[in-house]
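J.: sequence first, then the predicted structure:
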Amino acid sequence: MSTENVQDGDEQDEPEIPEGVLQGIEDLADGETASKDDLESVLKF
Amino acid sequence: MSEVPLSDEETKVIFTEQARSNLAALDGTKQSKVINCLLDIVRAEADPSNYIYEQIANIDVLRYSDPGRLYTKVVTHIPEGNSTYHIIYVLYIDSEHDYNDSDLAKFSSRAQGVLDIITDLSSVPDVERYLDNNDALGESDLAELLT
């Protein structure tokens, strides 16, 4: 699903959320998930 | 005293690529708090919907620290009729909870609808395969991330 589909709309009653949340929804729609190895690779502790 | 119903289901966590990117930007202490927050919820006897800090439309916000928030979608008791899992979809990780206007976007009814559709697993024939295909993490996976 495209960014436009998720991000358009300018209704007054629509809540505001961090823009990255919309990207997260797009990722999920596109199957862009992070594996355990992906997560482990970015950990700093 | 309010009652919290216990749950026999297993809770799984799915991180989006956006959430992974957010996690990468955090320092080690905050990363540890994120993982520990999710692990505590996964290990809890109550289902994860009991740990939602606030809701923004159909987004479920979890709190991992004083300013830290996880923007998630919590889906419980799946598959329907044979409840085996709960799922926490981690969409975005926020560390400061302090935004400039340019960092915010309208959460349109269409976007809300998309989120509902992609997290509706009623038509998924094989939930186990779905979880595997979407890199779902369980308790042991989260615990291993902390070691």
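T.: Ah, there it is.
J.: go through chain B and flag its longest helix.
T.: For chain B, the helix with the greatest residue count under DSSP state H is helix B:28-43.
J.: chain A too?
T.: From DSSP H, the single longest helix across chain A is helix A:19-29.
J.: what average pLDDT does the helix or strand following that helix get?
T.: Using DSSP states H and E, the helix or strand that directly follows helix A:19-29 along the chain is strand A:33-34. Here strand A:33-34 scores 98 as its mean pLDDT.
J.: packing partners for strand A:33-34?
T.: Packed against strand A:33-34, as judged by 3 or more C-beta pairs under 8 Å, 6 or more residues apart in numbering or on different chains; DSSP states H and E, are the following elements: strand B:10-16, helix B:17-25. C-beta here means a position set from N, CA and C on the backbone, and glycine is covered the same way.
J.: pull out the buried residues from the helix or strand that it is followed by.
T.: Using DSSP H and E, the next helix or strand after strand A:33-34 towards the C-terminus is helix A:36-40. By 16 or more other C-beta atoms under 10 Å in any protein chain shown, the buried positions in helix A:36-40 come out as A:36, A:39.
J.: helix A:36-40 packs against which elements?
T.: helix B:17-25, helix B:139-145.
J.: chain A is nearest to which of these?
T.: Closest approach to chain A among the helices and strands packed on helix A:36-40 (C-beta to the nearest C-beta): helix B:17-25, 3.7 Å.
J.: relative to B:Ser122, how far out is A:Leu28?
T.: 17 Å (C-beta to C-beta, to the nearest Å).
J.: B:Asp66 is in contact with B:Ser95, correct?
T.: No - contact criterion C-beta atoms under 8 Å: B:Ser95 and B:Asp66 do not qualify, at 10.7 Å.
J.: so which of these two has more stuff around it?
T.: B:Ser95 (19 against 6; other C-beta atoms under 10 Å in any protein chain shown).
J.: correct me, but B:Asp94 touches B:Tyr71?
T.: Yes - with contact defined as C-beta under 8 Å, B:Asp94 reaches B:Tyr71; the gap is 6.7 Å.
J.: okay, these two: which has more neighbours?
T.: Comparing B:Asp94 with B:Tyr71 by other C-beta under 10 Å, the one with more neighbours is B:Tyr71, at 24 against 20.
J.: got the CA positions of whichever helix or strand the more buried one is part of in CSV?
T.: Taking DSSP H and E as the definition, one finds B:Tyr71 inside strand B:69-78. Output in CSV follows, covering the C-alpha atoms of strand B:69-78 (Å, rounded to 0.1, in the frame of the first residue of the first chain):
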residue,chain,number,x,y,z
ARG,B,69,6.4,5.4,24.2
LEU,B,70,5.8,2.4,21.9
TYR,B,71,3.2,3.0,19.3
THR,B,72,1.6,-0.4,18.7
LYS,B,73,-1.4,-2.4,17.6
VAL,B,74,-2.4,-5.0,20.1
VAL,B,75,-4.4,-7.9,18.8
THR,B,76,-5.7,-10.5,21.2
HIS,B,77,-7.2,-13.9,21.3
ILE,B,78,-6.3,-15.2,17.8
